[in-house]
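Asker: Quick one, structure for this:
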Amino acid sequence: MASETILVVDDSPTILKVVQLVLAKAGYEVLTASDGDEGLELAREHTPDLILLDFVMPKMNGYQVCQVLHNEEALAAIPVVLMSAKGDQVGDRFVKVMGIVDFITKPFSPEGITTMVGETLAKKRERTEEQAAAEALLPEPSEEELVSAADAQKEARQTALSTLRVALAERLRGAEGAPEQEAEAFEGWINKALTDTILELFLGELRANAPELAGATDAVLSGALAAVPLGGVLALLAEQLQTGVLTISRATAQIDLHFKKGNIDLATAAGMDDEFLLGRFVLKRGLMSEDDLGLFLKSRAGSSKLLGHQLAKLGYLAVDELKGALRDQTCELLYELLSWKEGRFVFRPAEQASPVAAEAALAISVQGALMEGFRRVDQWHLIAQNVDNVELIFVRNDDALGELGRGQLTRDELAVLELVNGKNTVKDIIRNSRMSSFDVSQVIHRLLSVRLLRRREQPVAV
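Answerer: Residues are numbered from 1 along each chain as shown. Below you'll find the predicted structure:
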């Protein structure tokens with residue numbers, strides 16, 4: 001259509017000229033930019049219908065440009081097609097993240113680029129029409145409907161826990177062949193010893209492997225991570241604007257991703273390492289001192305109430321501060337999930353988001369989270385060449401540090417260096433630095449590359 005505008009961003013004058021001539025001949029209005037900064041300025045000024053973006057450019061690469069586009073509300077919905085040279089690390093897994101809808105490999109024919117543009121714009125028009133129709137059919141729920149949905153979810157949760165307790169009691173009674181009066185004793189013991197919190201630690205695995213035992217038969221999507229990569233599942237739920245809970249479990253760990261209209265409102269977890277606890281993110285943002293947080297945690301020992309809710313209710317954190325920490329925690333949990341190669345997932349749709357997720361309402365874009373998550377996965381492959389075990393111990397090279405000077409290092413690098421003493425393992429450094437395992441491993445990898453650290457040699461047994 002002559003009214004549709006295409007922005008082409010490439011550092012090659014030849015590519016720009018050829019694509020401009022081909023698309024102008026096809027009836028499109030074409031804008032061109034030779035780098036990411038110029039492309040962003042043109043996008044803000046003209047809001048094009050489609051962006052053709054070079055993958056490798058000076059100043060800003062294609063992914064960095066996509067990240068800026070994604071973070072600006074007026075530009076986030078513009079579809080992007082990446083143009084990459086043969087051999088560039090661009091593939092299907094980056095499609096449908098951060099606005100990237102497809103990619104085309106250079107060199108391409110005039111027919112190829114024209115067809116790609118036409119099909120992409122046709123899909124965009126179709127999605128726009130479908131979304132408008134869906135929004136017209138789904139009015140915003142009333143306050144009474146929200147309350148009713150919250151009550152229904154609470155009742156369903158209690159039903160699931162009750163069903164589990166009864167099933168456990170029957171299993172014990174059947175295994176022991178106990179008389180009726182002892183069966184009642186079993187049930188009483190289970191009710192007293194297995195609290196809701198403890199039982200919920202088990203429900204993720206039960207829901208994934210035995211939904212009938214967990215009292216949940218409403219799963220519409222389930223499978224094994226070894227067969228279906230999680231990135232594809234997340235992209236599907238986002239594309240379909242789904243609302244509900246995606247539960248992912250591996251061994252004793254469970255993470256629930258709470259979706260609302262295709263975005264992630266909150267991640268909750270059980271059985272994860274301490275680095276994923278909310279307190280670490282509160283400290284990282286400087287919202288509380290370590291001593292104050294420690295005293296608060298000690299005062300609430302044994303409480304089943306959510307930490308964040310209590311911190312906000314008692315005035316320790318403002319609502320916006322709590323949301324910032326919850327966002328950090330949710331993103332870290334999601335990045336961790338993308339590294340899981342084993343485990344199971346199950347998605348249960350819902351009319352409304354769960355009450356705890358509705359209160360957080362983080363509205364995290366799956367596309368943006370996948371982009372950062374995939375970047376980390378790629379980075380992990382490099383880091384693992386030097387830091388492949390959390391039990392490794394490193395030693396500082398104080399001579400090299402003296403020559404370089406501490407002023408040349410970042411705050412995180414200095415924090416890690418202070419904890420490297422020839423005794424602390426990587427796991428110890430992660431715990432004591434209040435940094436994530438990814439961040440610590442990345443810093444160690446960087447310090448090894450400039451010879452400020454070396455592995456501690458293990459004594460040879462004789």
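Asker: any idea how far the one residue sitting closest to the centre of the chain is from residue 223?
Answerer: Centroid-nearest residue in the chain: residue 334, 2.8 Å away (criterion: C-alpha atoms, centre = their mean). As for residue 334, its distance to residue 223 is 18 Å (criterion: C-beta to C-beta, to the nearest Å). Every residue, glycine included, has its C-beta placed from N, CA and C.
Asker: low-confidence ranges in the stretch 101-250 of the chain?
Answerer: Along the stretch 101-250 of the chain, the parts satisfying pLDDT under 70 run over 129-219.
Asker: Please identify the buried residues of the strand or helix carrying residue 311?
Answerer: Residue 311 belongs to helix 307-313 when assigned by DSSP states H and E. Going by neighbour count (16 or more other C-beta atoms under 10 Å), the buried part of helix 307-313 is 307-308, 311-312.
Asker: and what of stretch 449-459?
Answerer: Neighbour-count burial for stretch 449-459 [16+ other C-beta under 10 Å]: 452-453.
Asker: Output it as PDB, nothing but the C-alphas.
Answerer: Extracted C-alpha coordinates of stretch 449-459, given in PDB (Å, rounded to 0.1, in the frame of the first residue of the first chain):
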ATOM      1  CA  SER A 449      40.400 -12.500  31.200                       C
ATOM      2  CA  VAL A 450      42.500  -9.600  32.500                       C
ATOM      3  CA  ARG A 451      44.500 -11.900  34.800                       C
ATOM      4  CA  LEU A 452      43.300 -10.300  38.100                       C
ATOM      5  CA  LEU A 453      42.200 -13.800  39.200                       C
ATOM      6  CA  ARG A 454      43.400 -17.400  38.800                       C
ATOM      7  CA  ARG A 455      42.000 -20.700  39.900                       C
ATOM      8  CA  ARG A 456      43.400 -22.100  43.200                       C
ATOM      9  CA  GLU A 457      45.400 -25.200  42.400                       C
ATOM     10  CA  GLN A 458      44.200 -28.200  44.300                       C
ATOM     11  CA  PRO A 459      46.900 -30.200  46.100                       C
END
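Asker: That one: how far from the chain's middle?
Answerer: 32 Å (C-alpha atoms, centre = their mean, to the nearest Å).
Asker: For it, give the mean pLDDT please.
Answerer: Averaging pLDDT along stretch 449-459 gives 80.
Asker: Now do that stretch: everything it contacts.
Answerer: 392-397, 400-401, 404, 417, 420, 422, 444, 447-448 (C-beta atoms under 8 Å, 6 or more residues apart in numbering).
Asker: One more pass at 7 Å, please.
Answerer: For stretch 449-459, the external contacting residues (C-beta atoms under 7 Å, 6 or more residues apart in numbering) are 392-397, 400-401, 420, 422, 444, 447.
Asker: Most widely separated two among the buried residues of helix 307-313?
Answerer: Spatial extent of those (C-beta to C-beta) is set by the pair 307 and 312 at 9.8 Å.
Asker: quick one: buried residues of stretch 326-346?
Answerer: Those buried within stretch 326-346 under the rule 16+ other C-beta under 10 Å are 326-338, 340, 343-346.
Asker: repeat for stretch 270-281
Answerer: Neighbour-count burial for stretch 270-281, counted by 16+ other C-beta under 10 Å, picks out 270-271, 275-276, 278-281.
Asker: cool, and stretch 111-122?
Answerer: In stretch 111-122, counting by 16+ other C-beta under 10 Å, buried: 113-114, 116-117, 120-121.
Asker: quick one: secondary structure of residue 30?
Answerer: Secondary structure, DSSP: H, G, I helix; E, B strand; the rest coil: residue 30 is strand.
Asker: quick one: contacts for it?
Answerer: Here residue 30 is in contact with 6, 8, 20, 23-24 (C-beta under 7 Å, 6+ apart).
Asker: Tell me which two of those sit farthest apart.
Answerer: Top of the distance list for the contacts of residue 30 (C-beta to C-beta): 8 and 24, 10.7 Å.
Asker: Looking at these two, which one has more neighbours?
Answerer: residue 8 (28 against 12; other C-beta atoms under 10 Å).
Asker: Tell me which other helices or strands the helix or strand containing the more buried one touches.
Answerer: For residue 8, the element it lies in under DSSP H and E is strand 5-9. With contacts taken as 3 or more C-beta pairs under 7 Å, 6 or more residues apart in numbering; DSSP states H and E, strand 5-9 sits against helix 13-25, strand 29-33, helix 36-46, strand 50-54.
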